[in-house]
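Novice: Sequence plus the predicted model coming up.
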Amino acid sequence: MKLLNTYDDRETAEAAAHKITGEKRLASERDATETIYNLFGQPSWANFYKLGMFNLPQLKEIVDQRQAGLTFDQAKHQEIISMLKYAAKQFELEIPAHWL
């Protein structure tokens, strides 16, 4: 398990934990007067998509547009792919070829 995301409130953190699949754990941490909630889980593109991370929902729209032969925002596509390359290294994942 790896740290997937951090949340400011318990309700949002618990809702996120219910969205993802696989092994998961929610841990709270106090920093001065604030409590933050760390969501640990299995790093996968499916879990990141369910959490709305790394602009994956927007990437899905772009890939769907591209596959349908429609125009799409190429600059935004490259921006998202650049971010995903970093995330892929951090979480030891491969970017699916059809996203590139």
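Specialist: Looks like it arrived, so ask away. Residues are numbered from 1 along each chain as shown.
Novice: List the contacts of stretch 82-90.
Specialist: Taking contacts as C-beta atoms under 8 Å, 6 or more residues apart in numbering, the residues outside stretch 82-90 that touch it are 48, 54-55, 59, 93-95, 99. For every residue, glycine as well, the C-beta is placed using N, CA and C.
Novice: Same check on stretch 73-81?
Specialist: Here stretch 73-81 makes contact (C-beta under 8 Å, 6+ apart) with 54-55, 58-59, 62, 66, 95, 99-100.
Novice: list the buried ones in the worst-scoring helix or strand of the chain on mean pLDDT?
Specialist: Lowest on mean pLDDT, DSSP states H and E among the helices and strands of the chain sits strand 24-31, with a mean of 93. Judged by neighbour count (16 or more other C-beta atoms under 10 Å), strand 24-31 contains these buried residues: residue 24.
Novice: what's the answer for stretch 62-77, then?
Specialist: By neighbour count, and taking 16+ other C-beta under 10 Å as the criterion, the buried residues in stretch 62-77 are 62-63, 72, 77.
Novice: before we move on, back to that, dump the contacts of stretch 82-90 into JSON lines; add neighbour count, distance to residue 12 and secondary structure as well.
Specialist: As requested, those are exported to JSON lines (neighbours: other C-beta atoms under 10 Å; distance: C-beta to C-beta, whole Å; DSSP: H, G, I helix; E, B strand; the rest coil):
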{"residue": "48", "neighbour count": "21", "distance to residue 12": "16", "secondary structure": "helix"}
{"residue": "54", "neighbour count": "17", "distance to residue 12": "18", "secondary structure": "helix"}
{"residue": "55", "neighbour count": "18", "distance to residue 12": "19", "secondary structure": "helix"}
{"residue": "59", "neighbour count": "20", "distance to residue 12": "23", "secondary structure": "helix"}
{"residue": "93", "neighbour count": "14", "distance to residue 12": "24", "secondary structure": "coil"}
{"residue": "94", "neighbour count": "7", "distance to residue 12": "29", "secondary structure": "coil"}
{"residue": "95", "neighbour count": "13", "distance to residue 12": "28", "secondary structure": "coil"}
{"residue": "99", "neighbour count": "16", "distance to residue 12": "27", "secondary structure": "helix"}
